[in-house]
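Student: I would like the atomic coordinates for the input below:
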Amino acid sequence: LFATAVVTVVVAGPGWREPIAREFSAGIEELYRDRRPAIVVIDDAELNGARAVPGAIAMKLGDVIGAFMHAKQPDTTFAGFFDAWFAKLQAEKLPVLLSEATRDFFAEGPDQGLRTFWREHVMQRYRVTPAHRRGFHGVWIEPK
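Tutor: Numbering: from 1, shown residues only. Now for the predicted structure:
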């Protein structure tokens, strides 16, 4: 299920063959100055755009899902993994910011398990608020 998601992120992620506009990085830079988030992006283009901001902490969604697959125990769910990952970032005082493409992949992507996770776990347990600056569009994930 989640291995399919990793492949789909790489193959079908929005804009996966196109470079990210400078405005994407400029938006992240503005957000970073305000809150210094950990940013989750969909693909290499977005990752490169985020990493263009000095000091920015960015990771690809496929890598986050890959970490879950690698560390998975028989009774570990993605929701449990996500909660522990989120708590670790919060302990480090790193707010979580998802790019719009990442949010779309969770909420509307081809993987039913991830759509259910988004709807029944994230939307119920976390506050999801828009984050728009210049060419960056995404959402903050915060505790309720």
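Student: contacts, neighbours, all on C-alpha from now
Tutor: Will do.
Student: secondary structure element for the residue nearest the centre of the chain?
Tutor: Note on the chain: the residue nearest the mean C-alpha position is V40, at 3.0 Å, using Cα atoms, centre = their mean. Taking DSSP states H and E as the criterion, V40 maps to strand 38-41.
Student: does P74 belong to a helix, a strand or coil?
Tutor: Following DSSP: H, G, I helix; E, B strand; the rest coil, P74 is assigned to coil.
Student: what about it, neighbour count?
Tutor: Neighbour count for P74, taken as other Cα atoms under 10 Å: 6.
Student: quick one on the thing from earlier: got the buried residues for the strand holding V40?
Tutor: In terms of neighbour count (16 or more other Cα atoms under 10 Å), strand 38-41 has its buried residues at A38, I39, V40, V41.
Student: parallel or antiparallel, which strands does it pair with?
Tutor: Strand pairing for strand 38-41, using DSSP bridges, gives strand 57-60 (parallel), strand 96-99 (parallel).
Student: pick the most deeply packed of those strands.
Tutor: strand 96-99 (a mean of 24; mean count of other Cα atoms under 10 Å).
Student: next SSE after it?
Tutor: Next element after strand 96-99 (DSSP H and E): helix 100-108.
Student: okay, now the unreliable bits of this structure?
Tutor: Scanning the chain for pLDDT under 70 picks out the ranges 1-19.
Student: can you tell me which helices and strands the helix or strand harbouring I65 packs against?
Tutor: Applying DSSP H and E as the criterion places I65 in helix 61-71. On a contact count with 3 or more Cα pairs under 8 Å, 6 or more residues apart in numbering; DSSP states H and E, helix 61-71 meets helix 2-12.
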